[in-house]
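Peer 1: sequence first, then the predicted structure, then my questions.
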Amino acid sequence: MAIAAARRGGGRRRSGGSRLLLYGLVALVVLWLVGPFVWLFITSVSYQRNLMARPLSLIPPEVTLENYRMVLGLVRFHAEGQAAKILPSMWNTTVVAAVVTAVNLVLGTTAGYAYARFRFPLRTVSLFALLFTRMLPTIVLIPAFFVIFRALGLQNTLTGLVVAYCSFTLPFTVWIMKAYFETVPGDLDKSALVDGCNRLQAYYKVVLPVSGPGLVAGGAFTFMLCWNEFVVAQVLNTKPGTTTLPPVIAGMNGQINIDYSVIAASGFLGALPAVLLVLIFQKYMVQGLTAGSVKG
Amino acid sequence: MAKSGAGGLRLSEAGFAWLLVLPVVVAIGLVVAVPLVYSLWLSFTDVNLLRAGGPALEAFGVRLPLYRWVGLKNYLQTFDDPLYWSSLWRTLYFVGAFVAEATLAGLGMALVLNERFAGRPLMRSLLLIPWSLSRIVVGLLWIGLLDFEFGALNGILHRLGLIDSYVAFFKDGFTSLNVLVSVYMWNQAPFATLLFLAGMQSIGEDLYAAAEVDGAGYWQRFTHVTLPALRPILFLVLVLCTVNGFLMLDLIYILTMGGPGYDTTTISWLGFQTTFKFFKFGPGSAILYTLTALCLLLTLVYHRLVLRGFEAEA
């Protein structure tokens, strides 16, 4: 921010007109970024009849938690069977996302460290393979997962989803962690070696403890990707009760007998964990992601 | 294991590095390479999910069916299908429009957010909101804005007197496709903004000072200082947006289901439907493999940019 301040001609004051223009533009950007999400929340605490009313009132004339009660199964209504899937599927999503994140942090971090620190045979080749994996359409793997999981009995299991999700999260994690470890001074490991650590100890006793920000970035990003994933879960886990939240919400959207306001409530509820996670860790995520993309 | 590592691991540096990398290499081999090869195999076979017999790969008590080899039949059938080609052109339009919109919006937002104003730190958080939503939720909330009956946008436009009757955004095919582009842009442009902002903040202050001394206005500073400095980031954004554009699938599912007619059917949607709606795994995998080939091509571009270009820049 100091840079931006200096940039505008050493703190020279803006003219009133350009200030007005700037704040107008900022307001526009804020409205564009947040407006739709805020509207989702407003619809989720509104009655459908008020959303259909014309002229439309942007401030809801009545506020209700009825939609959330329906979604959480606290009141009986005609589509309660559909709504009853929300909480179990949220639990499934949490389990899958947590396990995938743990696997990613253990495996991806270790590999990222090695890529950042050492030169070894096939390093460039395996890095390129990793890069390709990162750009690979996950959808092309799903026909294979479908048949293989059927043979292994992993269809409609959370284990199957964990395996499938690792295919698109691991390459990202390695990449992000590699970029992070490149910012940790190599002298740290060297002095640890001098102090009598072996290489493994230098990694997990000295480097890893100071790598919190990188771990947070990689972990939060992985969790977010898993929390939001739709296509894989939709195709592989079709048996009721085995799938994650996004397919359940998409399924509700296809039902004409469910009011949009109810679906909006489930959508908002489902979005909240990922949004909060990202907002809490945004500083680390921005650093990790931009470094991971830009520095390769 | 205590002193100098002599008692425990006496490995060369390369050996140690491989030990650390090995778990990921094995894992990616199992969850990416194996399915990738098996999908390729499926694209050359006549897959019948109901048939239990036939050739199979048996190991450790698991029986992986290999199905009947039909050579290039699935690919020839795919390339013979006019729907494939119309979907391809539609995909190219979608990707082109998306790349343009996301890049311009991303750059525009970055230019605004790079200025100094009250509440600037908060903006970075807000920027991440559209990007951190599941595409299912993204689609859902845009339905809330664009729906014919209860969409807020129709309500607002009507109230402002800009429209007489409500606009059906998803009735016309070309409009639907453009709505998809814009909704996806809403979701993805913030990430481009983050990259642009990171780039802008690394531009040396002296460059702007010098430009100002030379009497350059805002536009000239932008074209002569900012834009040239952002060139590597710009290419990066273009490549990432292109790949994401080709792969987009979930928004189509929630917003248009490829319709009306086939008007929003892209290659990835066509492959998805062929495989998982009609259960034609052979032709479906073939379609998806043509998409994979495109992505491989783009990876080569990205690789040149990132691993070569940036090392030279740095």
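Peer 2: Now that the structure is in, tell me what you want to look at.
Peer 1: so which elements touch the helix or strand encompassing residue B:194?
Peer 2: Per DSSP states H and E, residue B:194 falls inside helix B:173-201. On a contact count with 3 or more Cβ pairs under 8 Å, 6 or more residues apart in numbering or on different chains; DSSP states H and E, helix B:173-201 meets helix A:16-44, helix A:282-294, helix B:82-113, helix B:120-132, helix B:135-146, helix B:227-247, helix B:250-255. (C-beta placed from N, C-alpha, C; glycine too.)
Peer 1: enumerate every residue touching the residue nearest the centre of chain A.
Peer 2: The residue lying closest to the centre of chain A (Cα atoms, centre = their mean) is residue A:224, at 1.7 Å. Neighbouring residues of residue A:224 by Cβ atoms under 8 Å, 6 or more residues apart in numbering or on different chains: A:274, A:277-278, B:132.
Peer 1: residue in the stretch 101-250 of chain A with the shortest distance to chain B?
Peer 2: Residue nearest to chain B within the stretch 101-250 of chain A (Cβ to the nearest Cβ): residue A:198, separated by 2.7 Å.
Peer 1: so residue B:31 sits against residue A:166, correct?
Peer 2: Yes: Residue B:31 lies in contact with residue A:166 (Cβ atoms under 8 Å); the separation is 5.0 Å.
Peer 1: more neighbours: those two, which one.
Peer 2: For the pair residue B:31 and residue A:166, the greater number of neighbours falls to residue A:166 (25 against 22), based on other Cβ atoms under 10 Å in any protein chain shown.
Peer 1: ok, that one touching residue A:106?
Peer 2: No: under the criterion of Cβ under 8 Å, residue A:166 is not in contact with residue A:106, lying 11.4 Å apart.
Peer 1: can you give me the neighbour number for the residue in the stretch 151-300 of chain B that chain A sits nearest to?
Peer 2: Proximity of the stretch 151-300 of chain B to chain A (Cβ to the nearest Cβ) peaks at residue B:155, 2.7 Å away. Residues lying near residue B:155 (other Cβ under 10 Å) number 21.
Peer 1: in what helix or strand does it lie?
Peer 2: Assigned by DSSP H and E, residue B:155 belongs to helix B:152-159.
Peer 1: tell me what angle that helix forms with helix A:16-44.
Peer 2: Interaxial angle of helix B:152-159 relative to helix A:16-44 (axes from the mean of the first three to the mean of the last three Cα atoms, to 10 degrees): 120 degrees.
Peer 1: what's helix B:152-159 packed up against?
Peer 2: So helix B:152-159, by 3+ Cβ pairs under 8 Å, 6+ apart, packs with helix B:135-146.
Peer 1: could you export stretch A:53-70 as CSV, CA atoms only?
Peer 2: Taking C-alpha atoms only, stretch A:53-70 is exported to CSV below (Å, rounded to 0.1, in the frame of the first residue of the first chain):
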residue,chain,number,x,y,z
ALA,A,53,-43.9,-10.0,-6.4
ARG,A,54,-43.7,-7.2,-8.9
PRO,A,55,-42.5,-4.5,-8.6
LEU,A,56,-39.6,-6.3,-6.9
SER,A,57,-38.5,-5.0,-3.6
LEU,A,58,-34.7,-5.3,-3.1
ILE,A,59,-35.2,-5.1,0.7
PRO,A,60,-37.3,-8.1,1.7
PRO,A,61,-40.6,-7.0,3.2
GLU,A,62,-40.6,-10.1,5.4
VAL,A,63,-37.6,-11.9,6.8
THR,A,64,-37.9,-15.6,7.6
LEU,A,65,-35.8,-18.5,8.7
GLU,A,66,-38.4,-20.9,7.4
ASN,A,67,-36.2,-21.9,4.4
TYR,A,68,-33.3,-22.8,6.7
ARG,A,69,-35.7,-24.8,9.0
MET,A,70,-36.8,-26.8,6.0
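Peer 1: what comes up buried for it?
Peer 2: Within stretch A:53-70, the residues scored as buried using 16 or more other Cβ atoms under 10 Å in any protein chain shown are A:56, A:66-68, A:70.
Peer 1: in TSV: the residues you listed, plus secondary structure.
Peer 2: Shown next, in TSV, are the buried residues of stretch A:53-70 (DSSP: H, G, I helix; E, B strand; the rest coil):
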residue	secondary structure
A:56	coil
A:66	helix
A:67	helix
A:68	helix
A:70	helix
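Peer 1: what subset of those is also close to chain B?
Peer 2: Taking Cβ under 8 Å from any Cβ of the partner chain as the test, chain B is in contact with residue A:56 out of these.
Peer 1: quick one: which of the buried residues of stretch A:53-70 is nearest residue B:112?
Peer 2: Residue B:112 has its nearest neighbour among these in residue A:56, at 28.8 Å by Cβ to Cβ.
Peer 1: below-threshold pLDDT in chain A: ranges please.
Peer 2: A:1-14, A:294-296 (pLDDT under 70).
Peer 1: count of neighbours near the residue of the stretch 101-250 of chain A closest to chain B?
Peer 2: Residue A:198: 22 surrounding residues under other Cβ under 10 Å.
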